[in-house]
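In: Sequence first, predicted coordinates after that:
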Number of protein chains: 2
Amino acid sequence: MDNREKIMLESLELFSKSGYDNVGIQEICDNSSITKPTLYHYFGSKSGLLEEIMLENHKKLRNAIISSAEYSGDLPLAVNKTVRSYFNFAKNNPGFYRIMLCSFCAPVNSDLYRVSHKLMLNQYEIIEKLFKSAAADHGNMKNKHTSLAVTFIGHINTYISMWLNNFRELDEDLVFSASHQFMHGIYS
Amino acid sequence: MDNREKIMLESLELFSKSGYDNVGIQEICDNSSITKPTLYHYFGSKSGLLEEIMLENHKKLRNAIISSAEYSGDLPLAVNKTVRSYFNFAKNNPGFYRIMLCSFCAPVNSDLYRVSHKLMLNQYEIIEKLFKSAAADHGNMKNKHTSLAVTFIGHINTYISMWLNNFRELDEDLVFSASHQFMHGIYS
DNA sequence: CTTCCACTATACCGATTGGTATAATACACA
DNA sequence: TGTGTATTATACCAATCGGTATAGTGGAAG
């Protein structure tokens, strides 16, 4: 594993455990067995490091959900698949998901917000597109795309957050009931 | 307004805008028109200040929801009233609610977590008690108290978070549909 | 053999961090 | 008017923050 990757992995770990602001550059370097000039050689700044971490992992998430969230006439199916994709991604990237959850409610005046905000909006857009396509077949969804997308991701994050805090498993039963419950919220 | 209160109000404002870690003691003092020894006279430390802010506001929240979340044979009613209480509290204390949302996903190794964790658990307990009482009349809720409580608060926070980010209003319609959707999740 | 480049080591920078020691002040009470 | 106490102001602390300058090392490629 090269140094760049080592730094990213290690700082992701530290950020998720202590929070971006509570981790110093020196601490990252010590844990990665590299020196400060090396870190600045690759990332330029602390927020630059955060940005690359968020960009790279967001890309993986995006790839995971973008195909699940495709509408082909069956909205419950797409919703079900998307929930499953999110759950699986969280399981495979718990450290990053922790940080992402923080970034959903990050203070406006923080590096995490500045770096992540557009990425969060991009996530909304992907899901919004699903509901926009489905609206043609579901009249009661008209002009609610954004609201639905935000609610949907919010509910998914509720379950993932529960899992991260050991309140519940992310199993196939939960995929079903979460999807089912959300769909009921649309129809009613 | 006395200095103690002035400090608490001002730092709550700053914390919610920039995050606890990004606000320095000096900045709080400048904005409150007091000096550092005064702050340390009242609160002892930065985390002590955070603790008093969280304790005091949590107390207000607790008082607001504890009567709403009382079970008197009508679960949908109690759920509805509780959602309304949360929404109203958030409307009246947006700054604190922002911080509280952060504290639900705060990194374990942070002041915010250390100060808030028990308070969050206490919130769960209050709601858990509601579902525990209701379980006598609703067989399918047995042994799901904790899970239900966490999910319930999680869903409420999703809507409040949307409101804080200007995606949606917290009106009476949303109180109804949020309650309705959650109840459907229980019955199914 | 030389050039290039990723990387290290060390030492440093100014600014800011949370926190404190000490002395002056304002005010209630006698 | 004098005294005690609660609160404040000024000035300071060591430590750490993010970030950089400089000089040098090891190894691969031409």
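Out: Cool, the structure landed. Residues are numbered from 1 along each chain as shown, chains lettered A, B, ... in the order given.
In: can I have the lengthiest helix in chain A written out in CSV, keeping just the CAs?
Out: For chain A, the helix with the greatest residue count under DSSP state H is helix A:111-134. Extracted in CSV, the C-alpha atoms of helix A:111-134 (Å, rounded to 0.1, in the frame of the first residue of the first chain):
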residue,chain,number,x,y,z
ASP,A,111,-14.7,22.5,6.8
LEU,A,112,-16.9,19.4,6.8
TYR,A,113,-19.8,21.4,5.5
ARG,A,114,-17.8,23.2,2.9
VAL,A,115,-16.3,20.0,1.6
SER,A,116,-19.4,17.8,1.8
HIS,A,117,-22.4,20.0,1.1
LYS,A,118,-22.4,19.6,-2.7
LEU,A,119,-21.9,15.9,-2.4
MET,A,120,-24.9,15.6,-0.2
LEU,A,121,-27.0,17.6,-2.7
ASN,A,122,-25.7,15.3,-5.4
GLN,A,123,-27.1,12.3,-3.5
TYR,A,124,-30.4,14.0,-3.2
GLU,A,125,-30.4,14.6,-6.9
ILE,A,126,-29.9,11.0,-7.7
ILE,A,127,-32.9,10.0,-5.6
GLU,A,128,-34.9,12.9,-6.7
LYS,A,129,-34.5,11.7,-10.3
LEU,A,130,-36.1,8.4,-9.3
PHE,A,131,-39.2,10.1,-7.9
LYS,A,132,-39.4,12.4,-10.8
SER,A,133,-39.5,9.6,-13.2
ALA,A,134,-42.0,7.7,-11.1
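In: Can you point out the buried residues in that helix?
Out: A:111-113, A:115-116, A:119-120, A:123-124, A:126-134 (16 or more other Cβ atoms under 10 Å in any protein chain shown). C-beta coordinates here come from the backbone N, C-alpha and C atoms, glycine included.
In: what does that helix contact?
Out: Residues outside helix A:111-134 that contact it (Cβ atoms under 8 Å, 6 or more residues apart in numbering or on different chains) are A:20-21, A:46-47, A:50-51, A:54-55, A:58, A:61-62, A:65-66, A:69-71, A:75, A:78, A:82, A:99-100, A:102-104, A:106-107, A:141, A:144-146, A:148-150, A:152-153.
In: just to revisit the earlier point, filter the buried residues of helix A:111-134 down to the ones close to DNA strand D.
Out: By Cβ under 7 Å from any atom of the strand, no member of the buried residues of helix A:111-134 lies near DNA strand D.
In: List buried residues within the contacts of helix A:111-134.
Out: Neighbour-count burial (16+ other Cβ under 10 Å) applied to the contacts of helix A:111-134 gives A:20-21, A:46, A:50-51, A:54, A:58, A:61, A:65, A:69, A:71, A:75, A:78, A:82, A:99-100, A:102-104, A:106-107, A:141, A:144-146, A:148-150, A:152-153.
In: How about the residues of chain A by DNA strand D?
Out: By the rule Cβ under 7 Å from any atom of the strand, the part of chain A lying against DNA strand D is A:23, A:24, A:25, A:26, A:27, A:36, A:37, A:40, A:44, A:45, A:46, A:47.
In: Specify the local secondary structure of the residue of chain A found nearest DNA strand C.
Out: At 3.2 Å from DNA strand C, residue A:38 is the closest residue in chain A, using Cβ to the nearest atom of the strand. Here residue A:38 is recorded as helix under DSSP: H, G, I helix; E, B strand; the rest coil.
In: Just confirm yes or no for the longest helix of chain A near DNA strand C.
Out: No: under the criterion of Cβ under 7 Å from any atom of the strand, DNA strand C is not reached by helix A:111-134; the shortest gap measures 14.1 Å.
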